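Chemist: Give me the fold of what follows.
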Amino acid sequence: MTYPDPASTANPRTIGIVACSSEGAALCYRTICARAPALLGPHAHPEIVLHGASLADYVAALEAGDLAAVGAIMLRSAEKLAGAGADVLICPDNTIHAAISHVRPRSPLPWLHIAEVVASEARRRGVRRAALLGTRWLVDSSVYPDALGAEDIAFLRPEEEEKDEVARIIMDELVNDIHVPASVAYLESLIARMRDRGCDAVILGCTELPLVLSDQNSVLPTLDSTRLLADAALRYAVS
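Modeler: Numbers count the residues shown, from 1 in each chain. Now for the predicted structure:
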């Protein structure tokens, strides 16, 4: 591999990661570090600072339907990351972006919005109707309808029992680094059903889903929210 002169991309911005689940944050962090050398040279990546509040605090606020409380937790992370030298913030968790309207106006730093990043990539690929997978909180929220609507892209949610099973797999298994073959098979079969319902791509709208789903085992092209966000952060950092 031929690497660029590091001097040509000197002083990249520092990326601040607002972590929610450890698995999604870790995958995002690893992706930035793995892909940065192609831009910055061998072993190089932008400085990265990460803060993670307890996942239980987020879950309690989500279960209470209190998006203002979710936003307050995100803002606490934002303040800590600003103090640690971050220049831009990303949150590798789709669900808590439902609180972003409580966050951006009071944030000390700019945010890259995960659903906006995914929707932009969907438009670039010519997606017409995307299947949306994620927690029930995410799938029933306006996070992706708003972002996809801005790009004139249609979407389809799973059926009610399917939402429940996907949410169970995410919250009981994937966020705890548990990968059950039967659960992966269920997700694969669900994507096939979504294809039969008219979808031409699938949004992996939970940052843990890319740990078990990819273009290799999905019958629909995948929009990997975790890695797309990492790529967007990297581009921002070196732009």
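Chemist: Who are the packing partners of the lowest-mean-pLDDT helix or strand in the chain?
Modeler: Lowest by mean pLDDT, DSSP states H and E among the helices and strands of the chain is helix 37-40, with a mean of 95. The helices and strands touching helix 37-40, judged by 3 or more CB pairs under 8 Å, 6 or more residues apart in numbering; DSSP states H and E, are helix 225-238. (C-beta placed from N, C-alpha, C; glycine too.)
Chemist: What are the buried residues along the helix it packs on?
Modeler: Using 16 or more other CB atoms under 10 Å as the test for burial, helix 225-238 gives 225-234, 236-238.
Chemist: and the closest residue to residue 197 other than its chain neighbours, bridged to which residues?
Modeler: Once flanking residues are discounted, residue 197 sits nearest to residue 156: 6.0 Å by CB to CB, 6 or more residues apart in numbering. Assessed by DSSP bridges, residue 156 has beta-bridge partners residue 131.
Chemist: What's the separation between residue 156 and residue 128?
Modeler: Taking CB to CB, to the nearest Å as the measure, residue 156 falls 11 Å from residue 128.
Chemist: ok, back up a step: quick one: whichever helix or strand comes after the least confident helix or strand of the chain to chain centroid distance?
Modeler: Where DSSP states H and E defines the elements, the next helix or strand beyond helix 37-40 is strand 48-52. Offset of strand 48-52 from its chain centre (CA atoms, centre = their mean, to the nearest Å): 15 Å.
Chemist: who touches strand 48-52?
Modeler: With CB atoms under 8 Å, 6 or more residues apart in numbering as the test, strand 48-52 has contacts from 14-20, 22, 25, 29, 32-33, 77, 80-81, 84-86.
Chemist: out of those residues, which are buried?
Modeler: Applying a neighbour-count criterion of 16+ other CB under 10 Å, the buried members of the contacts of strand 48-52 are 14-20, 25, 29, 32-33, 77, 80-81, 86.
Chemist: And the furthest pair within these?
Modeler: Spanning the widest gap among the buried ones among the contacts of strand 48-52 are 33 and 80, at 20.9 Å by CB to CB.
Chemist: on that earlier part again, hmm, which two among the buried residues of helix 225-238 are most spread apart?
Modeler: 225 and 238 (21.0 Å).
Chemist: Could you find the closest non-adjacent residue to residue 224?
Modeler: Spatial nearest neighbour of residue 224, excluding adjacent residues (CB to CB, 6+ apart): residue 210 at 4.6 Å.
Chemist: The residue nearest to residue 17 when sequence neighbours are not counted - how many residues pack around it?
Modeler: Leaving out its chain neighbours, the residue that sits closest to residue 17 by CB to CB, 6+ apart is residue 50, at 4.2 Å. Using other CB atoms under 10 Å, residue 50 has 19 other residues around it.
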